[in-house]
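S.K.: Take this sequence and fold it.
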Amino acid sequence: MEKKILIFMLIAISACAGIRDNSMLQYNIKESWKSEALSPVNMRIKSNEAPLLIYEAGNPGCDIVIPSSGENAAYYKEAAVRLKYFLDAAGETSFSIITDKPVRKSIFIGPSDEKTVRDVYASCAKMPFESLAVVSFEKGIILAGKDCASPVKDAGEITCDSQSHSKGTFYAVCDFLERTLGFRFYFPGDMGMHIPYYKGQTVTVPAVVYQDHPVFALRKSSYPGYETLDAALLKADKKDRLLWDRMLRSSDTLFLHFGHTDVYWHEF
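M.R.: A predicted model of the protein is given here:
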């Protein structure tokens, strides 16, 4: 047990200090889509379709495609920017976000001119609130979901940080990072975030198809922007806490009430 704790501390210290080299490869989660550490989904792998190339010898193996205009275009761009942030960090490279027709297999976020992408989004509109869908097809993979206002309150335009909308597409982005690429978000700050090391690597994702939606309408651990008493221990500021809260898909879109958690847990 002490050895495991020491290894975890060394990983955390390395991450905080920005020390990332090939020694980090051993901590990558191989075939993350088979992991039992995440909530189970009914996943199908399309064996007749080639895997999606994410990194090719460390370079981006695909692009991120978003709509140039239309309903919720700014939201889809925001979701794409967040996906790019983590893909860039893992590979220490720079992915492209495009609105043109892609020339290679790509990641699609938001409705586009592709009929298959439009059909997936049409299906998502009929799914339960906050549902997500990850669908592979011959031109890449679609990260989609039910994107709409809360049935009890409309607070304007949808964003990835909105607490009054079903953000299925953004949830698909979060789930894709965890389930297929091995990212993990354990607690706020650098120490609690596992970004796999893909620099110089070739990484592919199988042609997966799955759907999911939250079981509980209310999913919160604390006030997301509130600096709790464990802030010094975690070395996490308000920005870190908000990011962690969003990546966990915390939500209260039905505006339910909840009580306080034990903020003194770290002193026991």
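S.K.: Going along the chain, name the strands of the stretch 1-150 of the chain.
M.R.: With DSSP state E, counting those that start in this stretch as the criterion, the stretch 1-150 of the chain has strands at 44-45, 52-56, 59-60, 64-65, 97-98, 106-109, 132-137, 140-145, 147-149.
S.K.: Redo those as CSV? Include mean pLDDT, distance to K167 and mean neighbour count.
M.R.: For every residue, glycine as well, the C-beta is placed using N, CA and C. Below are the strands of the stretch 1-150 of the chain laid out as CSV (pLDDT from 0 to 100; distance: least, C-beta to C-beta, whole Å; neighbours: other C-beta atoms under 10 Å):
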stretch, mean pLDDT, distance to K167, mean neighbour count
strand 44-45, 96, 24, 13
strand 52-56, 97, 23, 20
strand 59-60, 96, 25, 16
strand 64-65, 98, 17, 25
strand 97-98, 98, 18, 16
strand 106-109, 98, 12, 27
strand 132-137, 98, 9, 24
strand 140-145, 98, 7, 28
strand 147-149, 91, 6, 20
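S.K.: Who are the contact partners of the closest residue to P67 other than its chain neighbours?
M.R.: Leaving out its chain neighbours, the residue that sits closest to P67 by C-beta to C-beta, 6 or more residues apart in numbering is G110, at 4.6 Å. For G110, the contacting residues are 66-67, 70, 72-73, 75-77, 79-80, 121, 169, by C-beta atoms under 8 Å, 6 or more residues apart in numbering.
S.K.: Out of these, which is nearest to G91?
M.R.: A80 (16.2 Å; C-beta to C-beta).
S.K.: what about that closest one, neighbour count?
M.R.: Neighbourhood size, A80 [other C-beta atoms under 10 Å]: 23.
S.K.: Please consider this matter closed, and thank you.
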